[in-house]
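1. 3D model of this:
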Amino acid sequence: MSAEPVRRRVIVTDDGPVLVHGPIEVVLTDGRRVTSDRAVTAVCTCRRSRRYPFCDTSHRRRGRTDRVRGGDPQPDV
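-> Model (predicted):
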């Protein structure tokens, strides 16, 4: 008899990280594996995090620069 697979709850947010409930292992593009044993882990989708692949909310602090309009700061959407 095989054990039932562990299901994780994943929440995709509109303007932030992907939230994963339960311990996770993330495999990066270079093959490295990083783990998180937190109850909920925020996985970065904007790549601005200093802790990538985990979110440190950098997307909230840094505004984008719109070079077409001469460098006026644009709020993150």
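2. can you map out the helices along this structure?
-> Counting by DSSP state H, one finds helices in the chain at the ranges 58-61.
3. Tell me where it has strands.
-> 10-12, 18-21, 24-27, 33-36, 40-43, 64-66, 72-74 (DSSP state E).
4. Make TSV from these and add distance to Ser49, mean pLDDT and mean neighbour count to it.
-> Any C-beta I mention is one placed from the backbone N, CA and C, and that applies to glycine too. Putting these into TSV (distance: least, CB to CB, whole Å; pLDDT from 0 to 100; neighbours: other CB atoms under 10 Å) gives the following:
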stretch	distance to Ser49	mean pLDDT	mean neighbour count
strand 10-12	17	95	11
strand 18-21	12	96	16
strand 24-27	12	95	13
strand 33-36	12	96	12
strand 40-43	9	96	18
strand 64-66	15	48	12
strand 72-74	20	47	10
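5. For Asp56, find the nearest of the ones you listed.
-> strand 40-43 (8.5 Å; CB to CB).
6. now the closest one, how far from the chain's geometric center?
-> Relative to the chain's own centre, strand 40-43 is displaced by 7 Å; criterion: CA atoms, centre = their mean, to the nearest Å.
7. neighbouring contacts of that strand?
-> Residues from elsewhere that reach strand 40-43 (CB atoms under 8 Å, 6 or more residues apart in numbering): 16-21, 24, 26, 53-55.
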